[in-house]
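J.: The sequence and its predicted three-dimensional model are supplied below.
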Amino acid sequence: MIEIKDLHKKFGKNEVLKGIDLSIGEGGIFSILGPNGSGKTTLIKSILGMVIPDSGEILINGKSLKNDFKYRDKIDYLPQIANFPGNLKVNELIAMIKDLRAGKATNDEELIDLFKLQPFLNKRLVNLSGGTKQKVNLVLTFMFDSPLVILDEPTSGLDPISHLRLKNLIFAEKAKGKTILVTSHILSFVEEISDEIVFILEGKIYFKGTIPELKSKTEQLDFEHAIASILSASYA
Amino acid sequence: MLKILKYSFYDLMRSRWSYVYFLFYLLLGVVLLFLNNDLSKAVITLMNVIIILVPLIGTIFGVMYYYNSREFTELLLAQPVKRSSIFLGQYFGVATSLAMSLIIGLGLPFVFYGIFNSSAIWDFTLLLITGGFLTFIFTALAFVIALSNENRIKGFGYAILLWLFMAVIYDGIFLMSLLYFEDYPLDKFSLVATMLNPVDLSRVLILLKLDISALLGYTGAVFQKFFGTSFGLILSFVMLVVWVVVPTFFIWRIAKRKDF
């Protein structure tokens, strides 16, 4: 589904991606892990066309992303920080995003129901708490039925019950045969949902495979220690 | 692009600042009319205010809007929308709403005062048109500055400097050079120098229309001879359009390559 070839990106003197080669198949949940500043978000943003790579190529379903914008119609993206134009009301924002992707089927009402957002629909976005904004963000992401879903820190600010609902939602989407990319620092969440792990270290893919493979590679019994051992090895 | 424009405009129409700006012009219009009791004089005073204030507000508002809507922009960037339409849509949204505040805010008191029955209607229309142009020009310049500067403080700083240069410093340099080179024929030079600054260009356009060019002495005569003709008028408007188009082109170009 996604094919990344020798991707490089520099921000000024800071070389963030140093030759990423990655191939992500169709269907399943892929977690992108790595320490702060390892290039997770840059990689995701390159896929979305928000960051323009210095060299290398990204193909989605065999088509290069260069100078294309329509492919984003097939991607649902949850950004890391949920901030919206403050003067809009929640239902206006939802209507607006629908309008921008006109002609696609949506299940926003179901999602509003799921995250109990009805009381907030007529409120302005400035007046919402961080967690509620994140829920609105989730509705905006999941209301379209796109084959590729990209979630950047989806759990931030969510209360335990919403967290649980989000997990169920992700599993339901996976059951539809979608490809889901997730970044998160909450390892228990990652361990629970992921089919495969992509570990990025200093701008390169350090590991790609399943969690049992990671455990055997690092000779650790649990996931947290496996990650920690990679990190401490890299810091040493 | 039209969709983005619609939503940016909609967002701004609800913002407090649009109303403050609108009310300010409304108040200015009312106060000037009732203190002056003379339409032509009110138009002259308004011109002095507009020439300085409209670029300032356009610059500040443009920079502020861009930085404040950054996250919104990121949201839009992940949608199947063309990059250039996002930024051009936002730019036209901001500039249109500012121009509307200006035109309605000033227009209302003058309409009630009876501008339609007065000979000053053309002067007033010209005033509003140049005010509109200045809004579009300076908002575009502000967007260019904001797009090229990640750092807000720097962006604001450059924007204010730009305004200061166009509104104040440019005239100073212009005047100094006129004094310094007074032994040479300066007709062409001063015409070109006026054309190159939208603020000066607007001022001269309005002043000449108001038939007070006699006050400007010899320069006034030269200017009248040039700007007074339809060729001069058309050329001035072409220059104002160029001043809108060039920065808009830069918005398009910078936006195409920028990382978010």
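T.: Nice, I can see it. Numbers count the residues shown, from 1 in each chain, chains lettered A, B, ... in the order given.

J.: got any ranges where chain B has weak pLDDT?
T.: For chain B, applying pLDDT under 70 flags the ranges B:115, B:211-220.

J.: tell me the centre residue of it?
T.: By C-alpha atoms, centre = their mean, chain B has its centre lying nearest to B:Leu134, at 1.3 Å.

J.: Grab the nearest non-local neighbour of the residue of chain B found nearest chain A.
T.: When scored by C-beta to the nearest C-beta, chain B has B:Glu71 as its residue closest to chain A, at 3.4 Å. Placement of C-beta: from N, CA and C, glycine included. Leaving out its chain neighbours, the residue that sits closest to B:Glu71 by C-beta to C-beta, 6 or more residues apart in numbering or on different chains is A:Asn83, at 3.4 Å.

J.: Tell me the secondary structure at the one you found.
T.: Here A:Asn83 is coil, with the state taken from DSSP: H, G, I helix; E, B strand; the rest coil.

J.: okay but it is in contact with B:Phe72, surely?
T.: Yes - contact criterion C-beta atoms under 8 Å: A:Asn83 and B:Phe72 qualify, at 7.3 Å.

J.: Can you show me the strands along chain A?
T.: Along chain A, counting by DSSP state E, strands occupy A:2-11, A:14-24, A:28-33, A:55-60, A:63-64, A:75-78, A:148-152, A:179-183, A:196-201, A:204-209.

J.: Strand partners (parallel or antiparallel) of the longest one?
T.: So that's strand A:14-24. Strand partners for strand A:14-24, identified by DSSP bridges, are recorded as strand A:2-11 (antiparallel).

J.: Give the bridge partners for A:Ser64, please.
T.: According to DSSP bridges, beta-bridge pairing links A:Ser64 with A:Leu59.

J.: any idea how far A:Ile2 is from it?
T.: Distance of A:Ser64 to A:Ile2, computed by C-beta to C-beta, to the nearest Å: 12 Å.

J.: ok, back up a step: could you tell me how many residues sit around the residue nearest to B:Glu71?
T.: The local packing of A:Asn83 (other C-beta atoms under 10 Å in any protein chain shown) involves 18 other residues.

J.: swap in A:Gln118?
T.: So A:Gln118, with other C-beta under 10 Å, has 12 neighbours.

J.: ok, so what distance separates the residue nearest to it when sequence neighbours are not counted from chain B?
T.: Counting by C-beta to C-beta, 6+ apart, the nearest residue to A:Gln118 once its immediate chain neighbours are dropped is A:Ile112, at 6.2 Å. Distance, A:Ile112 to chain B, using C-beta to the nearest C-beta, to the nearest Å: 18 Å.

J.: same check, this time on A:Leu121
T.: Remark: distance between A:Leu121 and chain B (C-beta to the nearest C-beta) = 17 Å.

J.: Would you agree that residue is in contact with A:Asn91?
T.: Yes - A:Leu121 is within contact range of A:Asn91, at 4.5 Å (criterion: C-beta under 8 Å).

J.: Who has more neighbours out of these two?
T.: Neighbours were counted for A:Leu121 and for A:Asn91 using other C-beta under 10 Å; A:Asn91 has more, 17 against 14.

J.: what's the pLDDT at the more buried one?
T.: A:Asn91 carries a pLDDT score of 87 in this model.

J.: OK, contacts around it?
T.: A:121-122 (C-beta atoms under 8 Å, 6 or more residues apart in numbering or on different chains).

J.: cool, and the one 3 residues further on?
T.: Neighbour list for A:Ile94: A:108, A:136, A:139-140, A:143 [criterion: C-beta under 8 Å, 6+ apart].

J.: For the nearest residue to B:Asp171 once chain neighbours are set aside, grab the count of nearby residues.
T.: Excluding the flanking residues, the one nearest B:Asp171 by C-beta to C-beta, 6+ apart is B:Asp200, at 6.8 Å. Counted with other C-beta under 10 Å, the neighbours of B:Asp200 add up to 19.

J.: right, and B:Asp200 touches B:Ser190 too?
T.: No - the criterion here is C-beta under 8 Å, and B:Asp200 misses it with B:Ser190 at 9.7 Å.

J.: shared neighbours of the two, which are they?
T.: Common contacts of B:Asp200 and B:Ser190, defined by C-beta under 8 Å, 6+ apart, comprise B:Phe174.

J.: and the stretch 151-260 of chain B, which of its residues are near chain A?
T.: B:257-260 (C-beta under 8 Å from any C-beta of the partner chain).

J.: Out of those residues, list just those in helices.
T.: B:Arg257 (DSSP state H).

J.: got TSV for the residues of the stretch 151-260 of chain B next to chain A, with distance to B:Ser85 and neighbour count too?
T.: Converted to TSV, these look like this (distance: C-beta to C-beta, whole Å; neighbours: other C-beta atoms under 10 Å in any protein chain shown):
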residue	distance to B:Ser85	neighbour count
B:Arg257	16	9
B:Lys258	15	16
B:Asp259	18	13
B:Phe260	15	15
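
J.: Would you point out which residue is most central in chain A?
T.: By C-alpha atoms, centre = their mean, chain A has its centre lying nearest to A:Leu151, at 2.1 Å.

J.: Quick check, B:Asp11 in contact with A:Lys89.
T.: No - contact between B:Asp11 and A:Lys89 fails when scored by C-beta under 8 Å: they sit 11.1 Å apart.
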